[in-house]
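1. Okay, sequence plus prediction incoming.
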Amino acid sequence: MGCTSATAPPPDSIAVSTGAAAPGYVIGPGDGLDVFVYLSPELSTTGLPVRPDGRVSLPLVPDIVAAGRSPTQLATDITARLRPYVIDPNVTVMVRTFVGSPGQQVRIIGEATQPRTMPYREGMTVVDAVIEARGLTRYAAGNRAEIIRRDAPGATPRTLRIRLDDLMRGGDIGQDVPLRPGDTIVIPQSWF
């Protein structure tokens, strides 16, 4: 979770404080934000969802782009937009719930019981993703599963083979591969 705040002029010095979010966290669609305007509770909002188009709407600040921005950048943008209405606004943006940008997510698709996109967490492994997706369907060909991984933005993806049946049913912990942000786990259907 993250917290940042920004105050109004002077323009060359914006006060910023950061909380526990990972450094460089970028807000993405589906994230939930708390926006506080100091001494203006009527302008503050909690649990504000970032819409699929990446925007949020606040009192006096309709349709501002949040996705692709850090909490600090968003607080600065909101501060600037409030300046005509509020004397010396002091805005704090906190990320309450996060999904993150696509590069900060892990996806599990195919024959997972509940295919989904989930926020990447430090130390996350294949087992963590499979558990969050509620396991595999009875039609899954778990031993033919793959991780699609890009080592850098724009790089050609590479494929890592994983044997989920051996991991989940046979206890082969060597198949519990550490995940990276942006990984996609693909679980194919078995052939009958």
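-> Looks like it arrived, so ask away.
2. hang on, G103 packs against P181?
-> Yes - assessed by C-beta atoms under 8 Å, G103 is found in contact with P181 at 5.8 Å. Heads up, the C-betas are built off the backbone N, CA and C, glycines and all.
3. more neighbours, the two?
-> Per other C-beta atoms under 10 Å, whichever of G103 and P181 has more neighbours is P181, with 19 against 13.
4. mind checking how far that one is from P49?
-> Remark: distance between P181 and P49 (C-beta to C-beta, to the nearest Å) = 22 Å.
5. Check T137 too.
-> 30 Å.
6. got it, and P157?
-> From P157 over to P49 (counting by C-beta to C-beta), the distance is 30 Å.
7. now L82
-> To P49, L82 is 20 Å away according to C-beta to C-beta.
8. Comparing these two, which residue is more hemmed in?
-> With neighbours defined as other C-beta under 10 Å, L82 and P49 compare such that L82 has more, 22 against 14.
9. next one: phi and psi at that one?
-> phi -90, psi -20 (degrees, to the nearest 10).
10. Spatially nearest residue to it (excluding sequence neighbours)?
-> P89 (4.2 Å; C-beta to C-beta, 6 or more residues apart in numbering).
11. The one you found is in contact with T79, isn't it?
-> Yes - under the criterion of C-beta under 8 Å, P89 makes contact with T79 at 5.2 Å.
12. which residues of this structure fall in strands?
-> 2-7, 32-37, 45-49, 55-58, 61-65, 90-97, 105-110, 116-119, 145-149, 158-162, 184-187 (DSSP state E).
13. for those, which one sits closest to A133?
-> Ranking the strands of the chain by proximity to A133 (C-beta to C-beta) places strand 105-110 first, at 4.5 Å.
14. how many degrees apart are the closest one and strand 145-149 in direction?
-> On the basis of axes from the mean of the first three to the mean of the last three C-alpha atoms, to 10 degrees, strand 105-110 is oriented at 150 degrees to strand 145-149.
15. Could you pull up the mean pLDDT of strand 105-110?
-> If you average the pLDDT over strand 105-110, you get 93.
16. in it, what counts as buried?
-> For strand 105-110, burial by neighbour count (16 or more other C-beta atoms under 10 Å) applies to 105-108, 110.
17. Using JSON lines, please lay out the residues you listed together with distance to E122.
-> Formatted as JSON lines, the buried residues of strand 105-110 follow (distance: C-beta to C-beta, whole Å):
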{"residue": "Q105", "distance to E122": "14"}
{"residue": "V106", "distance to E122": "12"}
{"residue": "R107", "distance to E122": "18"}
{"residue": "I108", "distance to E122": "18"}
{"residue": "G110", "distance to E122": "25"}
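18. so which of those residues comes closest to P29?
-> Using C-beta to C-beta, the buried residues of strand 105-110 come closest to P29 at Q105, 10.6 Å.
19. okay, now the closest residue to V99 other than its chain neighbours: neighbour count?
-> Leaving aside its sequence neighbours, V99 sits nearest to G30 (C-beta to C-beta, 6+ apart; 3.8 Å). The tally of other residues near G30 (other C-beta under 10 Å) stands at 18.
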